[in-house]
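**Student:** Mind looking at a prediction? Sequence and model below.
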Amino acid sequence: MAATAMDVDEPGMAAAANGQPRPRCMSGYVDDGSIESHRYYLARRTLLEMLRDRGYAISSSDIDLSLAEFRAAHGQSPDIDRLRISNSLRSDPSKRVLAYFCNPGPVKVNSVRYISGQIANKDGLSGMILVLQGEMTNQAVKALDLFPFKVEVFQITDLLVNITKHVLKPKHRVLTDQEKQRLLKKYSIQEKQLPRMLKKDAIARYYGLEKGQVVKVTYSGDITGTHVTYRCVW
């Protein structure tokens, strides 16, 4: 009589009566690497995409790096100093931005001073993005005003997903100053008459928009079809 019981060859792998391994359960496909490295990988990829969409010279090979390739280069516990991104604008190479990952935990004044010392001799820097893994104290926030350029602050959790790729998000495109003026002239309106978008809006933060900039928003739907509107940042 043939055996009906299953023999276990190794933990988590059951063998059928004919000796052939059964298909793996879903848990077998779960990422077995560190959560830490996965978070850094996702956040850094979104940063690269964000900088590319802002017009910085980001190579496709950096964005398309797989999780396995990232771990091969940085390990399961990446050194955050090696995760920094520094690139120039395609239209103006003299303008360069630095994306800087902060250590886990609260960011205090001393942390900001340390970062300031790290970049003190970096010429051509016109902006910086700080990626936090904890809260920033009020004193540290005030200390950011000491930098001679714009400093943007993102929590690492804000960067785990690229919001512009969400299927429910309409397509956004930032207008140039010339396109903005043509729009206002075409409809004989002032910018204050356009629908508003707050600077703290997730899309405005993604593109690093300033007050007065205008975004073209294109909605597409099976029922409503294509609809275009414009929003001015306030």
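**Tutor:** That came in fine, so what should we check first?

**Student:** Check the burial of residue 125 by counting its neighbours.
**Tutor:** Look at residue 125: counted by other Cβ atoms under 10 Å, it has 17 neighbours. C-beta coordinates here come from the backbone N, C-alpha and C atoms, glycine included.

**Student:** hmm, I was thinking of residue 86
**Tutor:** By other Cβ under 10 Å, neighbour count at residue 86 equals 16.

**Student:** next one: the one 5 residues further on
**Tutor:** Other residues near residue 91 come to 9 when the count uses other Cβ under 10 Å.

**Student:** Surely it touches residue 55?
**Tutor:** Yes: judged on Cβ atoms under 8 Å, residue 91 makes contact with residue 55 at a distance of 6.1 Å.

**Student:** Can you give me the separation between residue 198 and residue 157?
**Tutor:** When distance is defined by Cβ to Cβ, to the nearest Å, residue 198 is 20 Å away from residue 157.

**Student:** What is the burial count for residue 102?
**Tutor:** Counted with other Cβ under 10 Å, residues neighbouring residue 102 total 20.

**Student:** got it, and residue 178?
**Tutor:** Residue 178 has 8 nearby residues by other Cβ under 10 Å.

**Student:** now swap in the one 4 residues further on and tell me
**Tutor:** Summarising burial for residue 182: neighbours were counted as other Cβ under 10 Å, giving 12.

**Student:** Scan the protein for its longest helix.
**Tutor:** helix 35-53 (DSSP state H).

**Student:** Just the C-alpha atoms of it, please, in PDB.
**Tutor:** Extracted C-alpha coordinates of helix 35-53, given in PDB (Å, rounded to 0.1, in the frame of the first residue of the first chain):
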ATOM      1  CA  ILE A  35      13.700  45.600   6.400                       C
ATOM      2  CA  GLU A  36      16.300  48.300   6.900                       C
ATOM      3  CA  SER A  37      18.000  47.800   3.500                       C
ATOM      4  CA  HIS A  38      14.600  47.500   1.800                       C
ATOM      5  CA  ARG A  39      13.500  50.900   3.200                       C
ATOM      6  CA  TYR A  40      16.700  52.600   2.100                       C
ATOM      7  CA  TYR A  41      16.400  51.100  -1.300                       C
ATOM      8  CA  LEU A  42      12.900  52.300  -1.900                       C
ATOM      9  CA  ALA A  43      13.500  55.800  -0.400                       C
ATOM     10  CA  ARG A  44      16.700  56.300  -2.500                       C
ATOM     11  CA  ARG A  45      14.900  55.200  -5.700                       C
ATOM     12  CA  THR A  46      12.100  57.600  -5.100                       C
ATOM     13  CA  LEU A  47      14.600  60.400  -4.400                       C
ATOM     14  CA  LEU A  48      16.400  59.600  -7.700                       C
ATOM     15  CA  GLU A  49      13.100  59.700  -9.600                       C
ATOM     16  CA  MET A  50      12.100  62.900  -7.900                       C
ATOM     17  CA  LEU A  51      15.400  64.600  -8.800                       C
ATOM     18  CA  ARG A  52      15.100  63.400 -12.400                       C
ATOM     19  CA  ASP A  53      11.600  64.800 -12.600                       C
END
